[in-house]
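K.L.:
prediction below, plus the sequence it came from.
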Amino acid sequence: MREEVGRTGRRFAAAFLLAATALASTPATAYHDKTSHVTEYTAHNMSSGEWKIGIWQVGFAPWDWLMVDTWHFPWLLSVSNIGLKARFWHDDTWTVSGRTGIFKLDVAKLTKDENTDMVFKVVPTELAVSQRLSPDWELSLAGIYTGVVASGSADENEVEGAAGESNVQAVFTLEWRWSHKWAMLLRTRHLLSVQVSGKGSTTTDVGDDGFTTMTFHGNAGTSDVADLGFPETFSIVPSLAYSSEVFNVEFGLGYGNMNLPGINFPVPVKTWIPTFDMFWRW
Amino acid sequence: MGKVVLVLVLVGATACMNAKMEVELPDSPDMDPLVDEYDFPEAPFSIDILNDLLADAMDVKNLMASLGLISSPETGEDDPVSIALGALTALASGSGDGTETEGQALVVEGGLETQGQSITVAGQEYEGDGYIEVTRVCPGWDDELSPNPDKNGTISLTAIFHDTGFEAVVWGEADKCRYRFDNVHVLRDGEGYVHTGGALPTYDGEQFTKGEAEELLIRFVGDATLGKDTFHGDYDFRVLVTNSSLEISLDTPDGNVVYYAISETEQGFIASDGTWICNIGAKTCEKK
């Protein structure tokens, strides 16, 4: 065996890591008023007919209750993706919404290797609740389940199967609006659990005469994610957000396990986490 | 309406991704009825049917010996089933060609090792339930040096394993398998089943413990061609490793009895009314 599901998964993650940490982004906030809210990891949506174009994402809200967005840089890595966010209910204090999306990586397109048919699919599903504590303070909690499935074969020596490393995360966002244009955000992310499920097969020669082969069909192991979980995998990132009528920028510096945005892969080591995002919303 | 659809999409996506992807185990053949047949013969022994029983036993014994299923030390040849089964046992128990043990780790061809609750095969980590398929390309009638499965056929064996070790039944298929035994051209095509007893190793989450083979019950269903003679049928026999005895279940009008042979001079029958030792030459038997 030369390559395997887990190795290709790490390559997939690494590709994201490279792109995502080039500027170590998190999607930014939005204009700070009663009708224009932070939309990432909160229950809020953009307003009807509103567009957002930034250095990481493009989004559009056809209605107040629904927005569609995509991370554009993964498309350069043959990762097609789209996200849908629906606001289910809201009043002056509470807002509840759900979000889902899909990231699909066709390894053959990425590696230009015709011998592989491996496809990764990542489906993050999020339920978010936001509570307006006062005119200046808001607290949001988002629970995110991210399912990962890899299927197909990824090597030249008969490894095939499917595998997934799915996880559950909780993201708290505390927003303090200093002014109409400035806000401070404190975002903490906690990995609650990691589930690995998968199956695969490996064929290897027995003896040295070439007459006997053994194919091993089994379930993927979990030792590589044994150290990930609650409470040891977390991050805490304070940041500042500036919003003008159209232009938005956010920057900050935190610490912990970096999370690959969109696909929600937690990086197993703790590091400083710089954040930067810039977008235009109108 | 749109929100309802979105909710359904969210729930559906979560459910789909939450579906466990686990290896589907093949259906293992049930050999318990055959094991019971050997352990608890149904019919009593009668001296009146001794000749018929001996004739039936010799037919099976000779056919199995001709196929190489019963070892023939004088020839030094092994049949492909024995080789494949031996490879399977060796792989999992850390002995035999191509395997070596390193402390608690088991390495096969630089590839299979135990790590806590998981097994790593050629870099891919596995744990829990699964199965192993061993395929042996048959050597052909010309003892070819390189494998040619299209010309000479294959023998394949499948074994299911769990966290605790292997299931007792190993089964497989001979697919137009050509080999030579005692200089006779053998062609086998059919299915084979082996109840290994405790032959395959157990696994306690840390290491394999080599199994102690006490008995092997083997059943072959299909065609066997020896030279120009073709046999079709359903044959079975059991080898007791502890005393190197061979047992063959034989049908009678009242059920089955089991013929046993420990040596040329120690043969007899196990029946519902006890064990009988026979003097084959004198055609006499007495209850043990």
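P.N.:
Received it, and whenever you're ready, just let me know what you need.
K.L.:
and the helix or strand hosting A:Glu126, anywhere near chain B?
P.N.:
Using DSSP states H and E, A:Glu126 sits within strand A:119-132. Yes - against chain B, strand A:119-132 shows contacts by Cβ under 8 Å from any Cβ of the partner chain at A:123, A:125, A:127. Just so you know, the C-beta spots here come from the backbone N, C-alpha and C atoms, and that holds for glycine as well.
K.L.:
next secondary structure after that strand?
P.N.:
strand A:137-153.
K.L.:
circling back: possible to save the residues of strand A:119-132 next to chain B as JSON lines with distance to A:Phe247?
P.N.:
Compiled in JSON lines, the residues of strand A:119-132 next to chain B are given as follows (distance: Cβ to Cβ, whole Å):
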{"residue": "A:Val123", "distance to A:Phe247": "32"}
{"residue": "A:Thr125", "distance to A:Phe247": "31"}
{"residue": "A:Leu127", "distance to A:Phe247": "31"}
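K.L.:
quick one, helices of chain A?
P.N.:
A:5-21, A:107-111 (DSSP state H).
K.L.:
weakest of those helices in terms of mean pLDDT?
P.N.:
Lowest mean pLDDT within these: helix A:5-21, a mean of 46.
K.L.:
quick one: low-confidence residue ranges for the stretch 51-200 of chain B.
P.N.:
B:68-128, B:163, B:198-200 (pLDDT under 70).
K.L.:
how about the strands in it?
P.N.:
B:99-102, B:105-108, B:112-115, B:118-121, B:124-137, B:154-162, B:165-181, B:184-195 (DSSP state E, counting those that start in this stretch).
K.L.:
just give the nearest non-adjacent residue to B:Ile49, would you?
P.N.:
Spatial nearest neighbour of B:Ile49, chain neighbours left out: B:Thr252 (6.1 Å); criterion: Cβ to Cβ, 6 or more residues apart in numbering or on different chains.
K.L.:
one more: A:Ser80?
P.N.:
A:Lys104 (5.1 Å).
K.L.:
A:Gly83 now?
P.N.:
A:Gly101 (3.3 Å).
K.L.:
wait, that neighbour sits on A:Val79?
P.N.:
No - contact status for A:Gly101 versus A:Val79: not in contact, 11.7 Å apart, counting by Cβ atoms under 8 Å.
K.L.:
enumerate every residue touching B:Cys285.
P.N.:
B:Cys285 is in contact with B:45, B:47, B:50, B:268-269, B:276-279, counting by Cβ atoms under 8 Å, 6 or more residues apart in numbering or on different chains.
K.L.:
could you do A:Leu141 as well?
P.N.:
A:128-129, A:170-173.
K.L.:
now with 7 Å, please.
P.N.:
A:128-129, A:170, A:172 (Cβ atoms under 7 Å, 6 or more residues apart in numbering or on different chains).
K.L.:
counting neighbours, which of these comes out on top?
P.N.:
A:Ala128 (25 neighbours; other Cβ atoms under 10 Å in any protein chain shown).
K.L.:
who is that one paired with across the strands?
P.N.:
A:Ser97, A:Ala142 (DSSP bridges).
K.L.:
what of B:Ala271?
P.N.:
B:Gly274.
K.L.:
right, and A:Met258 touches A:Trp272 too?
P.N.:
No - using Cβ atoms under 7 Å, A:Met258 is not in contact with A:Trp272, being 9.1 Å away.
K.L.:
between those two, which one's more packed in?
P.N.:
For A:Met258 versus A:Trp272, the count of surrounding residues by other Cβ under 10 Å is larger for A:Met258: 26 against 11.
K.L.:
which residue, other than its chain neighbours, is closest to that one?
P.N.:
In space, A:Met258 is closest to A:Val267, 4.4 Å off (Cβ to Cβ, 6+ apart).
K.L.:
pLDDT score assigned to the one you found?
P.N.:
81.
K.L.:
quick one: neighbours of whichever residue of the stretch 51-200 of chain A sits closest to chain B, just the number.
P.N.:
Here the residue of the stretch 51-200 of chain A nearest chain B is A:Gly147; by Cβ to the nearest Cβ that distance is 2.3 Å. Number of residues near A:Gly147 (other Cβ under 10 Å) recorded here: 24.
K.L.:
now swap in A:Val38 and tell me
P.N.:
A:Val38, neighbours per other Cβ under 10 Å, totals 27.
K.L.:
gap between it and A:Ala183?
P.N.:
8 Å (Cβ to Cβ, to the nearest Å).
K.L.:
now the strand holding A:Glu126 and strand A:137-153, what's the angle there?
P.N.:
Put simply, strand A:119-132 runs at 170 degrees to strand A:137-153, going by axes from the mean of the first three to the mean of the last three Cα atoms, to 10 degrees.
K.L.:
got the CA coordinates for strand A:119-132 in PDB?
P.N.:
Output in PDB follows, covering the C-alpha atoms of strand A:119-132 (Å, rounded to 0.1, in the frame of the first residue of the first chain):
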ATOM      1  CA  VAL A 119     -13.900  11.700  -3.300                       C
ATOM      2  CA  PHE A 120     -14.100  13.500   0.000                       C
ATOM      3  CA  LYS A 121     -17.300  15.100   1.100                       C
ATOM      4  CA  VAL A 122     -17.600  17.300   4.200                       C
ATOM      5  CA  VAL A 123     -21.000  18.300   5.400                       C
ATOM      6  CA  PRO A 124     -21.100  20.800   8.300                       C
ATOM      7  CA  THR A 125     -24.500  21.200   9.900                       C
ATOM      8  CA  GLU A 126     -25.000  24.000  12.400                       C
ATOM      9  CA  LEU A 127     -27.700  25.100  14.800                       C
ATOM     10  CA  ALA A 128     -27.200  28.600  16.200                       C
ATOM     11  CA  VAL A 129     -29.000  30.600  18.800                       C
ATOM     12  CA  SER A 130     -28.300  34.300  19.500                       C
ATOM     13  CA  GLN A 131     -29.500  36.300  22.400                       C
ATOM     14  CA  ARG A 132     -29.400  40.100  22.600                       C
END
